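> no sequence for this one, just the structure:
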């Protein structure tokens, strides 16, 4: 009788403990994608060089990732850019990016540097309101801040 009671108690305990473990952990892929997508990201650094643009400037370097269409759009500091992207837990690749062909003066080659950096992106990191696009070695290429939307 004591053995049976012990077996029943052990089985009950294991069921209670395993029942607590059946709650699925939060999916890191979904969390990272939710933080990346459907926001406006304003570029603040290319490599270790700070990007300084006037708030009233047109085509400030920025990106928006549309989760529904897997399309990216934004600006490179001169031209509007658009294309496709593929993102995973921490990986990010861009399809061919198209853009307008405006002649921009006095931007110190910002558009060229920005597009060269985008071409090297293979990974990303999102921490709160900061997005970092990284190369295959984990080196930061472009850093962004999430835009504050007026209410």
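Nice, I can see it. On a predicted model such as this, the values are computed, not experimentally measured, just so you know. Residues are numbered from 1 along each chain as shown.
> Can you identify the element that follows the helix or strand harbouring residue 65 toward the C-terminus?
Element membership for residue 65 (DSSP states H and E) is strand 62-66. Remark: after strand 62-66, the chain's next helix or strand is strand 71-75, criterion DSSP H and E.
> Summarise which helices and strands that following strand is packed against.
strand 62-66, strand 80-87 (3 or more Cβ pairs under 8 Å, 6 or more residues apart in numbering; DSSP states H and E). The C-beta positions use only the backbone N, C-alpha and C, and glycine is treated the same way.
> Take those and write them to JSON lines, including mean neighbour count.
Output for the helices and strands packed on strand 71-75, formatted as JSON lines (neighbours: other Cβ atoms under 10 Å):
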{"stretch": "strand 62-66", "mean neighbour count": "19"}
{"stretch": "strand 80-87", "mean neighbour count": "16"}
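> CSV for these, including mean pLDDT?
Formatted as CSV, the helices and strands packed on strand 71-75 follow (pLDDT from 0 to 100):
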stretch, mean pLDDT
strand 62-66, 96
strand 80-87, 96
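> and the residue lying closest to residue 75 once chain neighbours are set aside, backbone torsions?
Nearest residue to residue 75, sequence neighbours excluded (Cβ to Cβ, 6 or more residues apart in numbering): residue 59, at 3.8 Å. Main-chain torsions, residue 59, degrees, to the nearest 10: phi 60, psi 40.
> how close does residue 59 sit to residue 74?
Per Cβ to Cβ, to the nearest Å, residue 59 is found 9 Å from residue 74.
> cool, residue 68 as well?
Computed with Cβ to Cβ, the distance linking residue 68 and residue 74 is 17 Å.
> and the residue nearest the centre of the chain, what does it touch?
Residue closest to the average C-alpha location in the chain (Cα atoms, centre = their mean): residue 36, at 3.4 Å. Listed by Cβ atoms under 8 Å, 6 or more residues apart in numbering, the contact partners of residue 36 are 65, 87, 92, 124, 126, 131.
> Turn those into CSV, including distance to residue 45.
Shown next, in CSV, are those (distance: Cβ to Cβ, whole Å):
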residue, distance to residue 45
65, 19
87, 21
92, 17
124, 14
126, 15
131, 11
